[in-house]
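In: Fold the following for me, if possible:
(2 chains)
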Amino acid sequence: MEYTLKSNSLFIDKTGLLNGLQRGEELAFALLYNQYADLLYSYGTGLGFAKEDIEDSMQEVFCNLYLNHSKINEINNLKFYLLRALKNRLLNASHASKTQSFIDVENVDFYTDVTILDDLIDAEDRVVIQKKIQSYLDALTGRQREAIYLRYIEDLDYEEIAELMNMTVPSVRNLVFKAIKQLRNSSIPSLIWPILFSFVKIRL
Amino acid sequence: MQNKHISENYVDFQAKDFVTDIYFLQWCLLPDKENTEFWEEFCEQHPEKEEDVQRAIQLVRSVRLNYRLASEADKKNNTLRLLSFIRQQKRKEKKKRIYAVWGVAASVLIAVLFLAAPRFVSSDSFVASSKYVVPDDQNIQLTSGNNQVISMSDSSEIVYDRQGDIEINGEHHDLNNREEVTESNQKLVVPKGKKASIRLSDGTLVWINSNSAIEFPAVFTGTERHLKVNGEVYLEVAKDPEKPFIVSTPQFDVEVLGTKFGVSSSIDKSQYVVLVEGSVQVHTPSGQTSCLKPSQMFGIDKGGTFIQEVDPYKYVSWKDNILYFNGESLPEVLVRLSQQYAVDLICNINVCQVQFYGKLVLEEHIENVLDNISVLSPIKYETRNNKIIVSLK
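Out: Numbers count the residues shown, from 1 in each chain, chains lettered A, B, ... in the order given. Prediction:
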């Protein structure tokens, strides 16, 4: 397996990585872990789990992937596979530990917090925008938030979201669609608009 | 109805205002014919706003939900955790492959060994003439010069004093007729499952393993000290430069001057000398002489003789009533046990992947030892036709 090291970041060609994983190469697994660590951590956080639990479950997921490395070529979408495996592990672990009395797999509340990565925006505006988008998301249901997260942040397709959320494809589509259309029903904008406009005008 | 959300103030909007506008967000997230047409038209009509719209699109794209960056240290630790797991697995896989082969080899080896293993020391060997062959539930038997036989049921300590008088487990036995004291008139036979230790008249200590026999004089009178061995013994020879100590076995002789070593010469065990301390010379009937250093083993196998470096304690630990293992597989452990207790042990290939580390206490009966092993490892055993069959639980 060949990797190219360019300006402090590894550019891995996808087939190269997959071949390395298939052969059970350590480097390939290390790279895969680093590539998906943040994303999986982020999803686990959304599901409401603590850092240590997420890290432990991630270990189990990757160890398990190694144990089945000869069958890695049967996985169509590694990201989806990892997300699903992580969710299953986390839910199983919390069932087993009995610390949480009952988790309804169908209705896990999904939390989201908003970050704007663009660093050209000034700090004040960033906070305003983050709060605003946060308020829109808060008006949605947990499942809507999870669907939006998976669709727009993790970039999964509807089939994958449906499997991950244990729903049919049409109902996922409906859920996402409704969630976005529902943004209009949020009551906050009507309260904030005047303030925002006055702010805009002062700036102008 | 859609237009409800369309603000009339878009001409006054900056990028940051577009980002928080619901109609704009809806277009970014879920573009359809209607909203796409609206925003394209807006940009055409207000070309001065296009820059803000583009900037707003950029900003929306930079929105992350639950944006978490695991710290580099955490990532590194977790990556190392994963790698150590993978390495461990790889080692296991390698061993599994080796065991798959070795498992077959070992079970064949065990079967052959047991078929060939005689019930006791063979009749033409120097100790076990038919007179001394004892029934199956044998005791340790010491035969002294006047052909009087002392039977001992437990693993015993025997002491010869300088005059050749005998003390067994602290009890004095006046057996030796002084006039009849000659070389090679004392015989000690230790049956399977038993062990004995003896202090010879010169102070040499001999541990005799199960299924072994030795022959020695009550007092060493000649210019050499002679001990005949058939089986497995461990010796701590008392120093006497005037009188070299010679251990004779059917296969070879060992010449020593004050040293600690183990000798095995029995037919069903390997034939070896392992030197713990001092130095010994091994003479074979073919006239070959080999000098051993501590931690070296002289052995005889089908290919002839060899010398190799070993962990000597492994070969002599039986004298302390323990067997000592360092990663041996179950077949290897069972071979040792079958030698120790002179029983036939049969194990199937499935159990070959278990590894053993540490000390195994040799109880009086092999069943007790197997009970102990089965507590610690996933094996069970059953006795059938005097054979013990070991299998996975």
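In: To what extent is the residue of the stretch 151-300 of chain B found nearest chain A buried, counted in neighbours?
Out: Closest approach between the stretch 151-300 of chain B and chain A, counting by Cβ to the nearest Cβ: B:Ser295, at 36.6 Å. For every residue, glycine as well, the C-beta is placed using N, CA and C. When counting by other Cβ atoms under 10 Å in any protein chain shown, one arrives at 15 neighbours for B:Ser295.
In: and A:Asp13, what pLDDT?
Out: At A:Asp13, the model reports a pLDDT of 64.
In: rewinding a little: look up phi and psi at the residue of the stretch 151-300 of chain B closest to chain A.
Out: When read as degrees, to the nearest 10, the backbone of B:Ser295 gives phi 70, psi 10.
In: So it is in contact with B:Lys314, correct?
Out: No: using Cβ atoms under 8 Å, B:Ser295 is not in contact with B:Lys314, being 10.6 Å away.
In: mind checking which helix or strand of chain A has the lowest mean pLDDT?
Out: Using mean pLDDT, DSSP states H and E, strand A:4-6 stands out as the lowest-scoring helix or strand of chain A, at a mean of 34.
In: Just give the closest residue to B:His46, not the sequence neighbours.
Out: Closest residue in space to B:His46, ignoring its immediate chain neighbours: B:Val11 at 5.9 Å, by Cβ to Cβ, 6 or more residues apart in numbering or on different chains.
In: Check what pLDDT that neighbour gets.
Out: pLDDT, read off for B:Val11, is 83.
In: Near chain A, which residues of the stretch 51-200 of chain B are found?
Out: Counting by Cβ under 8 Å from any Cβ of the partner chain, the residues of the stretch 51-200 of chain B lying close to chain A are B:58-59, B:62-70, B:74-75, B:78-79, B:81-83, B:85-87, B:89-90.
In: let's go with 6 Å and repeat that
Out: Residues of the stretch 51-200 of chain B lying near chain A by Cβ under 6 Å from any Cβ of the partner chain: B:59, B:62-70, B:75, B:78-79, B:81-83, B:85-86.
In: Now, of the residues you listed, which are buried?
Out: Using 16 or more other Cβ atoms under 10 Å in any protein chain shown as the burial test, these include B:59, B:63-68, B:70, B:75, B:78-79, B:81-83, B:85-86 as buried.
In: So among those, where is pLDDT lowest?
Out: Ranking these by pLDDT, B:Ala70 lands last with 74.
In: what kind of secondary structure is it in?
Out: In three-state terms, and counting by DSSP: H, G, I helix; E, B strand; the rest coil, B:Ala70 is coil.
In: if I pick it, what's in contact with it?
Out: A:Ala37, A:Asp38, A:Tyr41 (Cβ atoms under 6 Å, 6 or more residues apart in numbering or on different chains).
In: burial of the residue nearest to B:His46, as a residue count?
Out: 11.
In: just B:Ser156 next, same as before
Out: 20.
In: Name the nearest residue to the most centrally placed residue in chain A, sequence neighbours excluded.
Out: The structure's chain A has its C-alpha centroid closest to A:Tyr43; by Cα atoms, centre = their mean the separation is 3.8 Å. Nearest residue to A:Tyr43, sequence neighbours excluded (Cβ to Cβ, 6+ apart): A:Leu83, at 5.7 Å.
In: Can you check what pLDDT the model gives that neighbour?
Out: On the pLDDT scale, A:Leu83 gets 92.
In: Where does it sit, in terms of helix or strand?
Out: helix A:78-97 (DSSP states H and E).
In: Kindly report the same for B:Asp371.
Out: helix B:366-376.
In: sorry, back to before: the residues of the stretch 51-200 of chain B next to chain A in strands, which ones?
Out: B:Val63, B:Arg64, B:Leu65 (DSSP state E).
In: Distance to B:Lys228 for the residues you listed - can I get that in JSON lines?
Out: As requested, those are arranged in JSON lines below (distance: Cβ to Cβ, whole Å):
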{"residue": "B:Val63", "distance to B:Lys228": "92"}
{"residue": "B:Arg64", "distance to B:Lys228": "86"}
{"residue": "B:Leu65", "distance to B:Lys228": "86"}
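In: Do you have the helices of the chain handy? List them.
Out: Chain wasn't specified; assuming chain A. Here chain A has its helices, by DSSP state H, at A:14-22, A:26-46, A:51-67, A:78-97, A:123-138, A:142-148, A:158-164, A:169-182, A:188-203.
In: Correction: the question concerned chain B.
Out: B:15-19, B:22-29, B:33-45, B:50-61, B:72-116, B:312-316, B:330-341, B:366-376.
In: Return the most buried member of these.
Out: helix B:15-19 (a mean of 25; mean count of other Cβ atoms under 10 Å in any protein chain shown).
In: which helices and strands does that helix pack with?
Out: On a contact count with 3 or more Cβ pairs under 6 Å, 6 or more residues apart in numbering or on different chains; DSSP states H and E, helix B:15-19 meets helix A:123-138, helix B:50-61.
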